[in-house]
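**Student:** coords please:
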Amino acid sequence: METRRGKVTASKAGGTAGSGAKTYKLSLPSAWVAAMGLNDNGGHVTLSFDGEAITVRPQQSMEQYRASRLAQGHELLEIRYYNSDMLCTLIYADRTAQDLLAENYTAQAVKTAFGKNALPSWADLASFLEERCIPRQRAGLREYLETLGLDEYDPLAIIKKTKGRMAEDDQWMEVQELR
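**Tutor:** I've put the predicted structure just below:
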């Protein structure tokens with residue numbers, strides 16, 4: 001990994017920004033931008049912030065994300081979320097890097113895995129999976145897990161057995177491990 005020092009420049013924000021608002025810019029080495037496959041026409045990137053560091057990645061299609069992660073030897077989950085027989089959300093979850101990419105196939109946010117959240121996090125995925133399971137506090141949980149053949153509460157394992165079906169809706173999912 002190559003490391004360089006840079007400088008962040010601040011400027012006054014325009015448009016409808018509030019009084020005193022600023023925008024910040026950072027110059028990137030052209031060799032890095034070219035290596036990421038971005039061009040002079042303004043390629044699109046995804047920015048991530050973990051509380052300490054900002055990561056810049058070129059935006060990828062679902063197929064590019066899948067192929068690049070598998071080529072790196074990462075453990076990948078393919079999760080297909082349905083409403084009845086209609087595919088609503090496709091999720092590729094990288095268990096190695098603990099990140100994901102999701103694409104919705106319906107405009108009805110209530111039928112998608114993450115609602116209006118276009119860039120869900122690993123924590124969002126964990127919450128979503130747990131929402132599609134029996135609650136941790138439910139009476140009789142131990143017996144339920146035994147019926148499924150599970151020793152502990154693991155939302156992904158439960159979903160693999162139940163397809164994430166709930167009595168109150170027609171939504172369900174398929175989970176496939178890719179390597």
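
**Student:** What is the neighbour count of the nearest residue to Arg95 once chain neighbours are set aside?
**Tutor:** Of all residues beyond its chain neighbours, the one nearest Arg95 is Glu75 (4.1 Å), with distances taken as C-beta to C-beta, 6 or more residues apart in numbering. Where C-beta positions appear, they are placed from N, C-alpha and C, glycine not excepted. Using other C-beta atoms under 10 Å, Glu75 is surrounded by 14 other residues.

**Student:** try Asp124
**Tutor:** That count, for Asp124 with other C-beta under 10 Å as the rule, works out to 16.

**Student:** Secondary structure element holding it?
**Tutor:** helix 122-131 (DSSP states H and E).

**Student:** In terms of secondary structure, what does that helix contact?
**Tutor:** Applying 3 or more C-beta pairs under 8 Å, 6 or more residues apart in numbering; DSSP states H and E, we find helix 122-131 packed against strand 86-94, strand 99-104, helix 155-162.

**Student:** Model confidence score at the residue lying farthest from the centre of the chain, please.
**Tutor:** Relative to the C-alpha centroid of the chain, counting by C-alpha atoms, centre = their mean, Ser19 is the outermost residue, at 33.9 Å. Note on Ser19: pLDDT of 83.

**Student:** ok, it to Gly6 distance?
**Tutor:** Here Ser19 is placed at a distance of 29 Å from Gly6 (C-beta to C-beta, to the nearest Å).

**Student:** quick one on the thing from earlier: let's have the helices and strands packed on helix 122-131 in TSV, adding mean pLDDT.
**Tutor:** Formatted as TSV, the helices and strands packed on helix 122-131 follow (pLDDT from 0 to 100):
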stretch	mean pLDDT
strand 86-94	98
strand 99-104	96
helix 155-162	97
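
**Student:** To Val33, which of those lies closest?
**Tutor:** strand 99-104 (21.4 Å; C-beta to C-beta).

**Student:** Mind listing what's buried along the helix holding Asp124?
**Tutor:** 124-125, 128-130 (16 or more other C-beta atoms under 10 Å).
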